[in-house]
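Visitor: okay, sequence plus prediction incoming.
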Amino acid sequence: MIVKKIEDALNKQINAEFYSSFLYLSMSADFASKNFDGFANWFGIQAKEEYEHAIKVYSNIIERGGKVILAEIAAPKTAWKTALEAFEEVYAHERKMTGMIYNLMDMAREEKDYATEEMLRWFVNEQVEEESNTLKIVEQLKMIGDSKGSLFQIDHRLSKRGEKK
């Protein structure tokens with residue numbers, strides 16, 4: 001059985017993961033409308049991953065006899081001036097999500113909720129990857145500056161990103 005304090009915190013995490021999915025879907029739509037299909041692809045795949053993260057937490061609550069409470073999801077921003085602006089926002093967002101996961105891990109340890117701690121280990125590792133991937137793209141976008149040719153090269157590379165299996 002899941003402790004109520006943990007259940008409530010995990011329900012908030014579900015909402016945060018769904019918001020992340022909406023944010024990335026909004027970014028995908030914005031870049032698709034600007035004919036940057038690679039950026040749109042990267043953000044679209046990211047949106048699906050965040051949705052799957054929400055479902056992972058959702059399933060964990062259900063499996064442990066808890067009650068899932070879905071909350072309203074705030075509408076994300078709908079436009080970004082540049083790819084760099086979008087990816088800097090993504091990096092900051094992923095760092096925020098990492099902090100949320102770490103807080104959940106601390107809570108699970110305080111409550112001696114080993115099942116939640118075990119589930120969260122996956123998220124800790126996932127966040128390392130998320131931050132690393134987004135920071136690389138931020139740094140590459142900074143390096144290229146206003147070079148349209150280089151921007152199109154990055155867009156082309158991001159069009160090759162496939163979904164995780």
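Guide: In hand now; what should we look at? Numbering: from 1, shown residues only.

Visitor: which parts of this protein are helices?
Guide: Assigned by DSSP state H, the helices in the chain fall at 4-33, 37-63, 83-110, 114-144, 148-158.

Visitor: just the angle between the third one and helix 37-63, please?
Guide: Spelled out, it's helix 83-110. 20 degrees (axes from the mean of the first three to the mean of the last three Cα atoms, to 10 degrees).

Visitor: again with the shortest one
Guide: With the same axes, to 10 degrees as the basis, helix 148-158 and helix 37-63 are set at 40 degrees to each other.

Visitor: around Leu135, how many other residues sit close by?
Guide: 16 (other Cβ atoms under 10 Å). (C-beta placed from N, C-alpha, C; glycine too.)

Visitor: give me the number of neighbouring residues for the closest residue in space to it that isn't next to it in sequence.
Guide: In this structure, Leu135 finds its nearest non-sequential neighbour in Tyr91, 5.6 Å apart by Cβ to Cβ, 6 or more residues apart in numbering. Tyr91 has 19 neighbouring residues, counting by other Cβ under 10 Å.

Visitor: of all the helices of the chain, which one is nearest Ala74?
Guide: Taking Cβ to Cβ, helix 4-33 is the member of these nearest to Ala74, at 6.1 Å.

Visitor: show me what the closest one packs onto, helices and strands only.
Guide: For helix 4-33, the packing partners by 3 or more Cβ pairs under 8 Å, 6 or more residues apart in numbering; DSSP states H and E come out as helix 37-63, helix 83-110.

Visitor: and the last one with helix 4-33, angle?
Guide: Yep, that's helix 83-110 we're talking about. Between helix 83-110 and helix 4-33, the angle comes out at 170 degrees (the same axes, to 10 degrees).

Visitor: next up, the contacts around the residue nearest to Gln13 when sequence neighbours are not counted.
Guide: Spatial nearest neighbour of Gln13, chain neighbours left out: Val57 (5.3 Å); criterion: Cβ to Cβ, 6+ apart. Contacts for Val57 were tallied using Cβ atoms under 8 Å, 6 or more residues apart in numbering; they are 10, 13-14, 17, 119.

Visitor: Phe123 and Asp155: what is the separation?
Guide: The spacing between Phe123 and Asp155, counted by Cβ to Cβ, to the nearest Å, is 29 Å.

Visitor: before we move on, back to that, let's have the helices of the chain in JSON lines, adding mean pLDDT.
Guide: Below are those laid out as JSON lines (pLDDT from 0 to 100):
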{"stretch": "helix 4-33", "mean pLDDT": "98"}
{"stretch": "helix 37-63", "mean pLDDT": "98"}
{"stretch": "helix 83-110", "mean pLDDT": "98"}
{"stretch": "helix 114-144", "mean pLDDT": "97"}
{"stretch": "helix 148-158", "mean pLDDT": "95"}
